[in-house]
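Chemist: Quick one, structure for this:
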Amino acid sequence: QVQLVESGGGLVQTGGSLRLSCSASGSTFSFYAMGWFRQAPGKEREFVAAINRSGRGIVYADSVKGRFTISRDNAKNTVYLQMNSLKPEDTAVYSCAAKYTSVLHSVFRDPEDYDNWGQGTQVTVSS
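Modeler: Residues are numbered from 1 along each chain as shown. A predicted model of the protein is given here:
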């Protein structure tokens, strides 16, 4: 099992930027595909972005494509989510998730695929 801790959330104005970090511990980070998800009040959990073990395979939700960038640093056991041009509709609790996989290139969009979750960090975008 891997333990995940998110940081970097906060309050930002429309058009602003934030960088979220997810630090992993307790297991070999490079064996995990990673994902970011978000959940707004009264809404279901939503896929945001995912990255494979090597960092070369990446997918984004259409709603964030061109504005958000996911990346990982396996030497630092950390995955990042750079969020630019933020909109009020991006307001949510953002959580990172990890899936142990032996397949280097696989990327996972479905939250049901993930085994491990962080507690989440609040992102609030004011209009």
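Chemist: Quick one: the helices in the protein, in order.
Modeler: Ranges of helices in the chain, per DSSP state H: none exist.
Chemist: tell me, what residue is most central in it?
Modeler: residue 36 (2.2 Å; Cα atoms, centre = their mean).
Chemist: ok, what's across the strand from it?
Modeler: With DSSP bridges as the criterion, residue 36 is bridged to residue 49, residue 96.
Chemist: That one touches residue 93, doesn't it?
Modeler: No. Because the distance of 11.2 Å does not satisfy Cβ atoms under 8 Å, residue 36 is recorded as not touching residue 93. C-beta coordinates here come from the backbone N, C-alpha and C atoms, glycine included.
Chemist: list the contacts for the residue nearest to the centre of the chain?
Modeler: For residue 36, the contacting residues are 20, 22, 48, 49, 50, 70, 79, 81, 94, 95, 96, 97, by Cβ atoms under 8 Å, 6 or more residues apart in numbering.
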